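In: My questions concern the predicted model and sequence given below.
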Amino acid sequence: MAARTPQAEARAQAEEAAAAVSPRAKSARASAGEGEGESSESAARPKSLTIGAVCKALAQEFPDISISKIRYLEDQKLLTPRRTPGGYRLYGYGDVARLRTILRMQRDEFLPLRVIRQELAAGRSDGEATPAPGARPREGMRALRPSVSVREATGALYSLEDVLDDTKAEAKLVRELEEYGVVKGEMRGGVRYFDETEREIVAAVAELARYGVGGRNLRVFRSSADREANLLQQILAPALRSRNPERRKEAVEALENLAAVATHLKHLLLVRDLRKIAN
């Protein structure tokens, strides 16, 4: 998706704002005598918000919310706002509630979009918390959910063309990620395919690339992930190698729980250091 200039962005927001006002204008005309039934129906219709108004409404809870991020979630089929005949987005109460749920799952549970999509399809609504499998949190503690299941994989594979189409990344960026070992893919019949996790990695890096972050800058992320994985493996290695299916199952659950706690800790440490930079 091509980036818009600030002037084009401002025009788009103004046009969307005008589109959002139109239902109220219809209601006003109806109350002036165009039909009592139409007036009642218009008055009962929930107010729609433009994408800019949605950003302002959620900015206090999610300071990093942006128009581009909302559009990206829409591109990933997580949001489906109503469109005016002119093609402008209008968000109802349900759309805003769904967006808030998505943002909270990203911020509080570190869930990738693939898992968020599954949670929403299963009926997950705002304010619900799902404890990690096998977790028994102490009273007063918030349960953390593993961000990625290490037990199951869908087996779905995506060609480079599919990944580029889904993530809006450039082929050059994916090649750079392969060069630095951030993604590897799998060769089948002379064609390289990527699994869902690697597709999500490309999507995240594509967002970072908008700020000038390249593949070579991501080596620090990969090194950190490798060290964390090795640490967790050392902690649970005997149980993971057990021939007892029940013990191995418990070890896998513990591995997911430890990963959730480690991810949360890393997030808190990052936030603490970034606050020092900002203040």
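Out: Now that the structure is in, tell me what you want to look at.

In: Tell me where this protein has helices.
Out: Secondary structure of the chain (DSSP state H): helices at 6-29, 36-44, 51-58, 67-75, 93-109, 113-121, 160-167, 171-179, 196-209, 219-240, 245-278.

In: export the ones you listed to CSV and tack on mean pLDDT and mean neighbour count?
Out: For every residue, glycine as well, the C-beta is placed using N, CA and C. Below are the helices of the chain laid out as CSV (pLDDT from 0 to 100; neighbours: other CB atoms under 10 Å):
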stretch, mean pLDDT, mean neighbour count
helix 6-29, 50, 14
helix 36-44, 44, 13
helix 51-58, 92, 18
helix 67-75, 89, 17
helix 93-109, 88, 18
helix 113-121, 84, 16
helix 160-167, 89, 17
helix 171-179, 90, 16
helix 196-209, 87, 19
helix 219-240, 86, 13
helix 245-278, 83, 14
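
In: And those helices: which comes nearest Gly86?
Out: Distance to Gly86, taken as CB to CB, is lowest for helix 6-29 among those, at 6.4 Å.

In: Compare the helices of the chain and give me the one nearest Thr84.
Out: Set against Thr84 and scored by CB to CB, the helices of the chain come closest in helix 6-29, at 4.3 Å.

In: quick one on the thing from earlier: turn the helices of the chain into JSON lines, columns for distance to Thr84.
Out: As requested, the helices of the chain are arranged in JSON lines below (distance: least, CB to CB, whole Å):
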{"stretch": "helix 6-29", "distance to Thr84": "4"}
{"stretch": "helix 36-44", "distance to Thr84": "16"}
{"stretch": "helix 51-58", "distance to Thr84": "12"}
{"stretch": "helix 67-75", "distance to Thr84": "15"}
{"stretch": "helix 93-109", "distance to Thr84": "14"}
{"stretch": "helix 113-121", "distance to Thr84": "25"}
{"stretch": "helix 160-167", "distance to Thr84": "26"}
{"stretch": "helix 171-179", "distance to Thr84": "34"}
{"stretch": "helix 196-209", "distance to Thr84": "27"}
{"stretch": "helix 219-240", "distance to Thr84": "41"}
{"stretch": "helix 245-278", "distance to Thr84": "38"}
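
In: For Gly190, which of those is the nearest?
Out: Nearest to Gly190, of those and by CB to CB, is helix 160-167 at 12.4 Å.

In: Pull out the CA atoms of that closest one and give them to me as PDB.
Out: What follows is helix 160-167, C-alpha atoms only, in PDB (Å, rounded to 0.1, in the frame of the first residue of the first chain):
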ATOM      1  CA  LEU A 160       6.900 -15.500  -1.300                       C
ATOM      2  CA  GLU A 161       4.200 -14.000  -3.400                       C
ATOM      3  CA  ASP A 162       1.500 -14.900  -0.800                       C
ATOM      4  CA  VAL A 163       3.700 -13.400   2.000                       C
ATOM      5  CA  LEU A 164       4.300 -10.200   0.100                       C
ATOM      6  CA  ASP A 165       0.600  -9.800  -0.700                       C
ATOM      7  CA  ASP A 166      -0.500 -10.400   2.900                       C
ATOM      8  CA  THR A 167       2.100  -8.300   4.600                       C
END
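
In: Show me what it is packed against.
Out: helix 171-179, strand 191-194, helix 196-209 (3 or more CB pairs under 8 Å, 6 or more residues apart in numbering; DSSP states H and E).

In: what's the distance between Gly190 and Ser159?
Out: Between Gly190 and Ser159 the computed distance is 12 Å (CB to CB, to the nearest Å).

In: Which of those two has more residues huddled nearby?
Out: Ser159 (14 against 5; other CB atoms under 10 Å).

In: All set now, cheers.
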